[in-house]
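S.K.: Need coordinates for the following:
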Amino acid sequence: MVNTVTQTVKGGPAGKQSRLRSLAEWLGRNWPGLTACAVAVPAAFALHLLMPAVPVMTLAVIMGVLAANLPGISRLTVGPWRKGLDFAGKRLMRAGIVLLGLKLSVVDVLELGWATFAVIVAVVLLAFGGTYLLGKAFRLPGDQPLLIATGFSICGASAIGAMSAVRRSKQQDTVIPVALVTLCGTLAIAVLPLLMQPLGLGPLAFGQWVGASVHDVGQVVATAQTAGTAALAVAIVIKLTRVLTLAPMVAVTGIISRRGHKGTAGSEHLKLPPIVPAFILGFVALVAVRSLLPVPEGVLEAATIVQDVLLAAALFGLGSAVRMRELFSSRGSAVLMALCSWALIAGLAYGGILLLQ
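M.R.: Numbering: from 1, shown residues only. From the prediction side, this is the model:
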């Protein structure tokens, strides 16, 4: 009898009303921030059309940072917009990472050859380890050293979002790395093409260098295209090969995090972090789909547009939590550390490219 009543409440009119009430409450909390994202994303795309050299994702982060620091608007980002912006920064980021899997084909990676693949993996691991140690040396708090290392060595803000999910990082530990990876990626767009001739790099070698060193996919495209289509093609393949390392890196971190939680006193009733989050499994599944099945070009183009919209909204949300005073606190130690890491990764990638010549 009790079970029947329970089922009636859950599945009957009372249950439906409860779900509708919950949905209304959710919309009430989140719609202001999501509306701000809905305005910011088209604006970022429009600015990209006016300034093609600047990626949409970079513009989205910059707009978020401006919103967080401009008088008047900044009050909204910490007030009525905050819930929706946080939802975008977390949930929409994960959805965008899943769709990123459709850009990756294992076949393209294998065509690079084992020597190139080994060099790329070595650069990722050395860049990750070196950046993490730099973060510790600069005494950055919390998970910031880990998240900056992940973003700089793998695939920018997307990697930061994935790693922060498995680590369950604090929001402040996430937004600062996103701002830093955007800053250094933007610098790469301007600086690396100027170094092409002094370093004696032809278009192919320049594309390899960009793909192995620049953080975000959009930033790679903006930087490599300055040297022509051949440089752009190889840069994208190498960059996406780096993205493939995201799943195993997150899995290893998940295992370590679970062991740490198990070793904590009184953690018997504590929910352990997942070894691999569900959205990373979705990412791997779409990599498999792209690698094994002939995905229509129209589907890939549509998925790319949806992914860009989701990630732009997520990055606007994350950027809106960045306070410039906090970013440059402690005499700008986080910014200085990020610049050191940027130079380290560029140097490692350049050395790797020389090995392949």
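S.K.: so residue 80, which of the three states?
M.R.: Of the three states, residue 80 takes coil under DSSP: H, G, I helix; E, B strand; the rest coil.
S.K.: Next one: it from residue 30, what distance?
M.R.: 10 Å (CB to CB, to the nearest Å). Yep, even glycine has a C-beta here, placed from its N, CA and C like the rest.
S.K.: between these two, who's got more neighbours?
M.R.: residue 30 (19 against 14; other CB atoms under 10 Å).
S.K.: what distance separates the helix or strand where that one lies from the centre of its chain?
M.R.: Residue 30 belongs to helix 13-50 when assigned by DSSP states H and E. Distance, stretch centre to chain centre, for helix 13-50: 21 Å (CA atoms, centre = their mean, to the nearest Å).
S.K.: what comes up buried for it?
M.R.: 29-30, 32-34, 36-37, 40-41, 44-45, 47-48 (16 or more other CB atoms under 10 Å).
S.K.: try stretch 307-321
M.R.: Buried, per 16+ other CB under 10 Å, within stretch 307-321: 307-321.
S.K.: any idea how far the residue nearest the centre of the chain is from residue 117?
M.R.: By CA atoms, centre = their mean, the chain has its centre lying nearest to residue 158, at 1.4 Å. Going from residue 158 to residue 117 by CB to CB gives 21 Å.
S.K.: Is the closest residue in space to residue 99 that isn't next to it in sequence within a helix or a strand, and which one?
M.R.: Spatially, and ignoring its direct neighbours in sequence, residue 99 is nearest to residue 307 (3.9 Å; CB to CB, 6 or more residues apart in numbering). With secondary structure defined by DSSP H and E, residue 307 is part of helix 297-319.
S.K.: Now do that helix: which elements does it pack against?
M.R.: Judged by 3 or more CB pairs under 8 Å, 6 or more residues apart in numbering; DSSP states H and E, helix 297-319 is in contact with helix 13-50, helix 56-69, helix 82-87, helix 93-100, helix 156-167, helix 171-195.
S.K.: Could you quantify the relative orientation of the fifth one and helix 297-319 as an angle?
M.R.: Pointing back at helix 156-167 there. When axes from the mean of the first three to the mean of the last three CA atoms, to 10 degrees is applied, the directions of helix 156-167 and helix 297-319 differ by 70 degrees.
S.K.: Helix 156-167 packs against which elements?
M.R.: For helix 156-167, the packing partners by 3+ CB pairs under 8 Å, 6+ apart come out as helix 56-69, helix 93-100, helix 144-150, helix 171-195, helix 246-262, helix 278-292, helix 297-319.
S.K.: Now do the longest one: distance to the chain's middle.
M.R.: Which is helix 171-195. Worked out by CA atoms, centre = their mean, helix 171-195 lies 12 Å from the chain centre.
S.K.: May I see the buried residues of it?
M.R.: 173-186, 188-189, 192-193.
S.K.: as a whole number, average confidence for it?
M.R.: Mean per-residue pLDDT for helix 171-195: 90.
S.K.: what's the answer for stretch 203-218, then?
M.R.: Mean predicted confidence for stretch 203-218 is 92.
S.K.: Stretch 224-240 now?
M.R.: pLDDT averaged over stretch 224-240 gives 90.
S.K.: again, but for stretch 144-161
M.R.: Averaged over stretch 144-161, pLDDT sits at 92.
S.K.: Start and end of it, how far apart?
M.R.: End-to-end distance of stretch 144-161: 12 Å, with CA to CA, to the nearest Å as the criterion.
S.K.: Tell me where the model's unsure across this structure.
M.R.: For the chain, the stretches flagged by pLDDT under 70 are 1-15, 260-275, 329-332.
S.K.: Would you mind confirming that the residue nearest to the centre of the chain makes contact with residue 93?
M.R.: Yes. Using CB atoms under 8 Å as the test, residue 158 is close enough to residue 93 to be in contact (7.3 Å).
S.K.: shared neighbours of the two, anything?
M.R.: Shared contacts of residue 158 and residue 93 (CB atoms under 8 Å, 6 or more residues apart in numbering): residue 311.
S.K.: Next one: residue 133 from residue 36, what distance?
M.R.: For residue 133 relative to residue 36 (CB to CB), the value is 38 Å.
S.K.: swap that for residue 142, please
M.R.: Distance from residue 142 to residue 36, by CB to CB: 27 Å.
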